[in-house]
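K.L.:
build me a model:
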Amino acid sequence: MSDTPSTPRRINWIIVALVVSLALNLLVAGAVAARWYVGMGPERYARLTQTQLIPRFFFRDLDRARRAELLAAFKAQDKEIREGRRAVKAQVIALADALEAEPYDAARVRAAVEGFTAQSEALFVAGSTAAMALLDRLTPEERRIMAQHLRNREDRGRGKPDGKPD
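P.N.:
Presented below is the predicted three-dimensional model:
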């Protein structure tokens, strides 16, 4: 019999690194496969979130110069919309503060909710103004493309086949 003490096995860090790397690669591959399998997913809107009438995919069908020209309509309203977003966020904080206040003050909560509603309406008016400025500049062909994108976006929301307009 041999009385040689067994030495603890050392961790081979290269193998650990390879296993972690493989796991991360499989995670990324799974995410890519899921994205491909599911499709484009819910369409995000144009840069300014209050202009939800304008599908972002519409801008992909335009050349760079025309896209920049039309986006100038949004940029003209950018400061007003940015300030509107800040005002809406401030009302959300005011609501949170009112909800945490002791004793509970229903009038303060109501005022915060009404302030949020008023600021949100003002923000949507600014977004609508920007959307109209863009829509008024569209050519007949661009209006047709926009209409197709709007219909396709609504169809995807109802579980109909995904895809860009023909």
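K.L.:
which helices and strands does whichever helix in the chain runs longest pack with?
P.N.:
Longest helix in the chain by number of residues (criterion: DSSP state H): helix 106-135. With contacts taken as 3 or more CB pairs under 8 Å, 6 or more residues apart in numbering; DSSP states H and E, helix 106-135 sits against helix 64-76, helix 78-100. All C-beta spots, glycine's among them, are computed from the backbone N, C-alpha and C.
K.L.:
least confident of the ones you listed, on average?
P.N.:
The minimum mean pLDDT among the helices and strands packed on helix 106-135 belongs to helix 64-76 (a mean of 83).
K.L.:
how far out from the middle of the chain is the helix or strand that contains H149?
P.N.:
Element membership for H149 (DSSP states H and E) is helix 140-157. Chain-centre distance of helix 140-157: 19 Å, with CA atoms, centre = their mean, to the nearest Å.
K.L.:
same thing with stretch 126-146?
P.N.:
Relative to its parent chain, stretch 126-146 has a centroid offset of 21 Å by CA atoms, centre = their mean.
K.L.:
pull out the buried residues from that stretch.
P.N.:
Across stretch 126-146, burial judged by 16 or more other CB atoms under 10 Å covers 126-131, 133-135, 142, 145-146.
K.L.:
same question, stretch 101-114
P.N.:
Per 16+ other CB under 10 Å, stretch 101-114 contains these buried residues: 109, 112.
K.L.:
send me that stretch as PDB with only the CA atoms.
P.N.:
Presented in PDB, the C-alpha positions along stretch 101-114 are these (Å, rounded to 0.1, in the frame of the first residue of the first chain):
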ATOM      1  CA  ALA A 101     -47.600  61.400   2.600                       C
ATOM      2  CA  GLU A 102     -49.000  60.800   6.000                       C
ATOM      3  CA  PRO A 103     -51.700  61.400   6.700                       C
ATOM      4  CA  TYR A 104     -53.100  60.500   3.300                       C
ATOM      5  CA  ASP A 105     -54.400  63.600   1.400                       C
ATOM      6  CA  ALA A 106     -56.900  62.600  -1.300                       C
ATOM      7  CA  ALA A 107     -57.100  66.100  -2.600                       C
ATOM      8  CA  ARG A 108     -53.300  66.200  -3.100                       C
ATOM      9  CA  VAL A 109     -53.400  62.800  -4.900                       C
ATOM     10  CA  ARG A 110     -56.300  64.100  -7.100                       C
ATOM     11  CA  ALA A 111     -54.300  67.300  -7.900                       C
ATOM     12  CA  ALA A 112     -51.300  65.300  -8.900                       C
ATOM     13  CA  VAL A 113     -53.400  63.000 -11.200                       C
ATOM     14  CA  GLU A 114     -55.100  66.000 -12.700                       C
END
